[in-house]
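> need coordinates for the following:
(one chain, ligands or ions: 2)
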Amino acid sequence: MKNILVTGGAGFIGSNFVRFVLKNTEYKVTNFDKLTYAGNLENLIEIESNPNYKFVKGDICDSAAVEKTMVQNDIDTIVNFAAESHVDRSILGSKDFIITNVLGTQTLLDVFKKLGGERFLQVSTDEVYGSLPEDMPELKFTEETPVTTNSPYSASKAGADLLCNAYYHTHGLPVLITRCSNNYGPYQFPEKLIPLMIVKAMNDEHLPVYGDGKNIRDWLYVDDHCSAILAVLERGNPGEVYNIGGNNEWFNIDIVKLILEKLGRSQELITYVKDRPGHDRRYAIDSAKITRELGWEPAYRFPEGIEHTIKWYQENEDWWRKVMSGEYEKYYKENYSSKETHH
Ligand code: NAD
Ligand code: DAU
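Ligands and ions are numbered 1, 2, ... in the order given. Next up is the predicted model:
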């Protein structure tokens, strides 16, 4: 493994992964990204002139462009981050999710099959396991938990996983799948819970909490997701799934209160709004397999990770103000105006 094609490397986790790989390995990275609303080359300014890095603008659904990029850069490994990633957007309209997440993955698999290669890693999500009951705290998602999808986003990610599995069994491709819990950290687009709440608090605007705020998510610092992906890429068994999680469950409302406290803002900014349709109640990952087999463990504890993340948004106001203009304003109005607010 020498030359990695990172798809979606201009997004939140992808850009952190590109930086992580260039910092910790000798691999060459070609970042192949369509630059949708979520893709931002400013995320990569620090490493754009690194000789081991190259950017190619392209769509993973465009097989000719994928093939050309793979041949020109002698690619032997693909890590597929490229996706439509926001559940609320998939509720407003799911077509782009099926096109990129399902057909895009199928396109990458076919080109990889044609050209050959050492590893294909599909970056999936714990959302493909559906929702856990809140009254059974010991129950967590394992790699054996059946796939049960509740949102168009998770259905599209599960579709991609099933295709990866099929290409492993039918064509013998060396495909690996990772399923991670909720990530947080620098460069996350402020449509997701943690960055949205940080920037709303900094702007002294209402913080929209869905439903009763008691949904549970298992938060992992983004660099820990990156180190886990690298471990699976280098030492995982093809054809297998690896769960990745932080063992760090929080009620949404407690995260929101913590952010307000850390930023010295009033708890009165909290506004309960109409729930997300089909809202999964609880996610929690059992990551025993990756720890046992690959020796991976998270390096960051939540208190330091959230502190660092808040500080990053405070120091990078230009970054988030820019990405929150234009298209974002239209989306924000569409998603939140239909949720009548109550305190
Ligand atoms: P993101 O939305 O921040 O970034 C997605 C990137 O993919 C963007 O750079 C975008 O331009 C690019 N992209 C979209 N469509 C494309 C296409 N057709 N061709 C090429 N590039 C395209 O997403 P993220 O939060 O960084 O998530 C990355 C991956 O990790 C996704 O596959 C997501 O399902 C998965 N994941 C995310 C989380 C999380 O908490 N954010 C957790 C587990 C798994
Ligand atoms: O679990 C992994 C998944 O985590 C990834 O696969 C997805 O790409 C990623 O978006 C994330 O999905 P969630 O739906 O869990 O994340 P989100 O940040 O959108 O929401 C987290 C929780 O916060 C969820 O219970 C909904 C709630 N929420 C979210 C927003 C945007 C609110 O209460 N208010 C909000 O405004």
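
> rest of the way, CA atoms for contacts and neighbours
Will do.

> which bits of this structure sit near ligand 1?
Neighbours of ligand 1 within the chain, by Cα under 6 Å from any ligand atom: 7-14, 33-36, 38-39, 58-61, 81-85, 100, 123-125, 180-183.

> now these: which count as buried?
Using 16 or more other Cα atoms under 10 Å as the burial test, those include 7-14, 33-35, 38-39, 58-61, 81-85, 100, 123-125, 180-183 as buried.

> chain neighbours aside, what residue packs nearest to Thr145?
Leaving aside its sequence neighbours, Thr145 sits nearest to Tyr129 (Cα to Cα, 6 or more residues apart in numbering; 6.4 Å).

> surely that neighbour touches Ser151?
No. Look at Tyr129 against Ser151 with Cα atoms under 8 Å: they stay out of range, at 11.1 Å.

> ok, Phe120 to Glu143 distance?
Distance from Phe120 to Glu143, counting by Cα to Cα, to the nearest Å: 19 Å.

> hang on, I meant Lys54
Lys54 is 34 Å from Glu143, by Cα to Cα.

> which one of the two has more residues nearby?
Taking neighbours as other Cα atoms under 10 Å, Lys54 and Glu143 compare with Glu143 leading, 20 against 16.

> one step back: mind listing which of the buried ones among the residues of the chain next to ligand 1 are in helices?
Phe12, Ile13, Gly14 (DSSP state H).

> what mean pLDDT does the longest helix seen in the chain have?
Counting by DSSP H, the longest helix found in the chain is helix 152-171. Average pLDDT, helix 152-171: 98.

> one more: stretch 273-284?
Stretch 273-284 carries an average pLDDT of 98.

> and the contacts of stretch 130-141?
126, 129, 147-150, 280-286 (Cα atoms under 8 Å, 6 or more residues apart in numbering).

> start and end of that stretch, how far apart?
End-to-end for stretch 130-141, by Cα to Cα: 9 Å.

> buried residues in that stretch?
Applying 16+ other Cα under 10 Å to stretch 130-141 flags Gly130, Ser131, Leu132, Lys140, Phe141 as buried.

> go ahead and confirm Ala83 touches Phe97.
Yes. Between Ala83 and Phe97 there is a contact at 7.2 Å, judged by Cα under 8 Å.

> what helix or strand does Lys311 sit in?
Assigned by DSSP states H and E, Lys311 belongs to helix 302-315.

> could you do Phe97 as well?
Taking DSSP H and E as the criterion, Phe97 maps to helix 95-97.

> can you name the element that comes right after that helix?
Next helix or strand after helix 95-97 toward the C-terminus (DSSP H and E): helix 105-115.

> quick one: mean pLDDT for that following helix?
98.

> how close does Ser337 sit to Val199?
Separation of Ser337 from Val199 (Cα to Cα): 19 Å.

> ok, Leu260 next?
For Leu260, the distance to Val199 - Cα to Cα - is 10 Å.

> these two: who's more crowded?
Leu260 (23 against 20).

> could you tell me how far the helix or strand containing the more buried one lies from the centre of the chain?
Here Leu260 is covered by helix 252-262, with elements defined by DSSP H and E. Centroid displacement of helix 252-262 relative to its chain, using Cα atoms, centre = their mean, to the nearest Å, is 21 Å.

> okay, angle between that helix and helix 302-315 too, please.
Here helix 252-262 points in a direction 60 degrees away from that of helix 302-315 (axes from the mean of the first three to the mean of the last three Cα atoms, to 10 degrees).

> output the contacting helices and strands for helix 252-262.
If contacts are counted by 3 or more Cα pairs under 8 Å, 6 or more residues apart in numbering; DSSP states H and E, helix 252-262 sits against helix 193-202, strand 207-210.

> which outside residues touch the helix or strand where Asp88 lies?
Per DSSP H and E, Asp88 falls inside helix 87-92. By Cα under 8 Å, 6+ apart, the surrounding residues in contact with helix 87-92 are Phe97, Ser151, Pro152, Tyr153, Ser154, Arg276, Pro277, Asn335.

> which of those lies closest to Ile290?
Nearest to Ile290 among those, counting by Cα to Cα, is Ser154 at 22.2 Å.

> does the closest one really touch Glu127, like I thought?
Yes. Using Cα under 8 Å, Ser154 is in contact with Glu127, at 5.6 Å.
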